[in-house]
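> Dropping the sequence and predicted coords here.
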Amino acid sequence: MAEEKMANNESCASDVYNEHLCFLICDGFYETDKDAFKAMVQDAQYRCQICGRTARSAQNLCDPVPL
């Protein structure tokens with residue numbers, strides 16, 4: 001079964017959108033820098049209300065809420 005690719009959140013108005021998981025994953029970051037990606041998602045403390053991804057830091061999500 002093919003992996004479903006989630007879209008960028010093009011409506012995100014953050015100045016650091018290029019640090020958000022939705023941007024990084026669409027850019028292939030999880031394949032090019034697996035260790036850095038793992039560090040961003042291990043021991044997740046926040047979940048994005050838009051895409052559902054989880055991250056250790058709120059700064060890596062468009063619309064974070066604490067877990």
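On my side now, so go ahead.
> what about the strands in the chain?
Ranges of strands within the chain are 46-48, 54-55, 64-66, based on DSSP state E.
> For Lys34, find the nearest of these.
Smallest distance to Lys34 across the strands of the chain (Cβ to Cβ): 15.4 Å, for strand 54-55. Just so you know, the C-beta spots here come from the backbone N, C-alpha and C atoms, and that holds for glycine as well.
> pLDDT averaged over that closest one - what is it?
The pLDDT scores in strand 54-55 average 94.
> Find the residue ranges of this protein scoring beneath the pLDDT cut-off.
Low-confidence segments of the chain (pLDDT under 70): 1-17.
> In space, not sequence, find me the middle residue of it.
The residue lying closest to the centre of the chain (Cα atoms, centre = their mean) is Leu21, at 1.7 Å.
> hang on, isn't it packed against Arg47?
No: using Cβ atoms under 8 Å, Leu21 is not in contact with Arg47, being 10.7 Å away.
> any residues in contact with both of the two?
Common contact partners of Leu21 and Arg47 (Cβ atoms under 8 Å, 6 or more residues apart in numbering): 53, 61.
> quick revisit: tell me the spacing between the nearest residue to the residue nearest to the centre of the chain once chain neighbours are set aside and Cys26.
Nearest residue to Leu21, sequence neighbours excluded (Cβ to Cβ, 6 or more residues apart in numbering): Arg53, at 4.7 Å. Using Cβ to Cβ, to the nearest Å, Arg53 is found at 11 Å from Cys26.
> what separates stretch 53-67 from the chain centre, distance-wise?
8 Å (Cα atoms, centre = their mean, to the nearest Å).
> could I get that stretch in CSV with only the CA atoms?
Taking C-alpha atoms only, stretch 53-67 is exported to CSV below (Å, rounded to 0.1, in the frame of the first residue of the first chain):
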residue,chain,number,x,y,z
ARG,A,53,1.3,15.5,13.6
THR,A,54,3.1,15.5,17.0
ALA,A,55,6.4,17.1,18.0
ARG,A,56,8.5,17.8,21.0
SER,A,57,8.4,21.5,20.5
ALA,A,58,5.4,23.7,19.7
GLN,A,59,7.5,25.7,17.3
ASN,A,60,7.5,22.8,14.9
LEU,A,61,3.8,22.8,14.4
CYS,A,62,1.3,25.3,12.8
ASP,A,63,-1.4,25.1,15.4
PRO,A,64,0.0,23.3,18.5
VAL,A,65,-1.9,22.2,21.6
PRO,A,66,-0.3,20.4,24.5
LEU,A,67,-0.8,16.6,24.7
